[in-house]
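> Quick check, what structure comes out for this input:
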Amino acid sequence: METSKEDQVIPKSLTKYKEIISTLPQENGWKFAQPLCLYQGFWLTPNYLEGIMFAHENFKPQPDDIFLCSAMKTGTTWLKALAFATVTRTLNSSNPLLYKNPHDCIPFLDKDYIKNPIIQNTKPRVPLWSTHVLYSSLPKSVINSDCKIVYICRDPKDSFVSLWHFTNKLSSQYNIGKISLQEAFELYCNGCSVYGPYWDHVLSYWKASQEWPNRVLFLKYEEMVKDAGFYLKKLADFMGFSFSLEEEREGAVDKIVEFCSFENLSNLEVNKMGKHRPDEKGGFDNNMYFRKGEIGDWKNTLTLEMGARLDKIMEDKLRGSGLIFNSSLD
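Residues are numbered from 1 along each chain as shown. Okay, here's the model as predicted:
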């Protein structure tokens, strides 16, 4: 069997990446299966770092590509579902979201591209990609293109609590010791979290959205939850898949909002019993991506003092940027 050009590229590249990664500062405090490595000012695991390095050197976006960007646990699953349903406009029995987790409907640049460099040629092609990297760490081919970028962020208190729960679910799945709330909180406040520091992540996309508003759409999870229909139309317009007046009259916007709601998605059989990346050894349980999704749920886990500390850090880090998070502790 003849080896493809792509198959020849990957193993050779991985050796080079592994050598670079082996020299980077590492942090084992989060107790993942792999340590976090510090690269270009942010922390992530070696397997995802290899994927990003490979994309930096090889990825060439197509003109109509749309990148859904986020830090972990900030509303990513919901954004993917909304964007996918909007771009494909399929809510019938053949809708992939009925039998696939939203994360399995959109290729993940940090991991899927290195495994299959010709994935972007898949037919029928949906022009959506996802990534968790900071704006400044996107491949230069993406930054220098006219591709659209959608970014979603969330109150760091809720995001942290969700990340902590998610991390310990992973630990249980892989029989790794769990990390305590206090340990995780100290790491997070010191900027050490997957794809963190969180404030740098948010700020990188905020600045890009201010400089190139026609190319980078900046969204807040809390605002979207409060007026999902308005922001879905805004998202559709930005991506180039606007709803027609006829579609709006027929309730297309409301149908997508309802279909992609936490209540509906979390109760689909695939998200209760299925696995993310089912073809891979140790694929994640889909139900790990649906915990609560509630605004202000951090109060059930963090003390008011912890909340105030995180708010103060964000306030200091974002000062002068024009970006403000609701820091109310009421």
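> Contacts only, for the spatially most central residue of the chain.
In the chain, the residue lying closest to the centroid (C-alpha atoms, centre = their mean) is S70, at 4.0 Å. By C-beta atoms under 8 Å, 6 or more residues apart in numbering, the residues touching S70 are T76, L79, S130, H132, Y151, I152, C153. Yep, even glycine has a C-beta here, placed from its N, CA and C like the rest.
> Can you tell me which of these end up in helices?
Secondary structure defined by DSSP state H assigns T76, L79 of those to helices.
> Kindly indicate which of the contacts of S70 lies nearest D316.
Within those, proximity to D316 (C-beta to C-beta) peaks at C153, which comes in at 17.0 Å.
> Could you give the bridge partners of the closest one?
Assessed by DSSP bridges, C153 has beta-bridge partners K220.
> So what's the residue count around it?
If you count neighbours by other C-beta atoms under 10 Å, C153 ends up with 24.
> Look up the closest residue to F284, ignoring the ones flanking it.
H276 (4.3 Å; C-beta to C-beta, 6 or more residues apart in numbering).
> And for P107?
Using C-beta to C-beta, 6+ apart and skipping residues adjacent in sequence, the residue nearest P107 is I119, 5.3 Å away.
> try K299
G307 (7.4 Å).
> element containing the one you found?
Per DSSP states H and E: G307 is located in helix 304-318.
> and that helix, what's its mean pLDDT?
Helix 304-318 comes out with an average pLDDT of 96.
> Stretch 247-258 now?
Taken as a whole, stretch 247-258 has a mean pLDDT of 95.
> cool, stretch 62-69 as well?
95.
> And it, end to end?
Stretch 62-69 has an end-to-end distance of 17 Å (criterion: C-alpha to C-alpha, to the nearest Å).
> contacting residues around it?
Residues outside stretch 62-69 that contact it (C-beta under 8 Å, 6+ apart): 61, 76, 79-80, 83, 87, 106, 109, 120, 127-133, 135, 138, 142, 145-152, 205, 239-240.
> Hmm, the residue nearest to P107 is touching D112, no?
Yes. Assessed by C-beta atoms under 8 Å, I119 is found in contact with D112 at 5.8 Å.
> And the contacts of stretch 62-69, which of them are buried?
Neighbour-count burial (16 or more other C-beta atoms under 10 Å) is assigned, among the contacts of stretch 62-69, to 61, 76, 79-80, 83, 87, 106, 109, 120, 127-133, 135, 138, 142, 145, 147-152, 205, 239.
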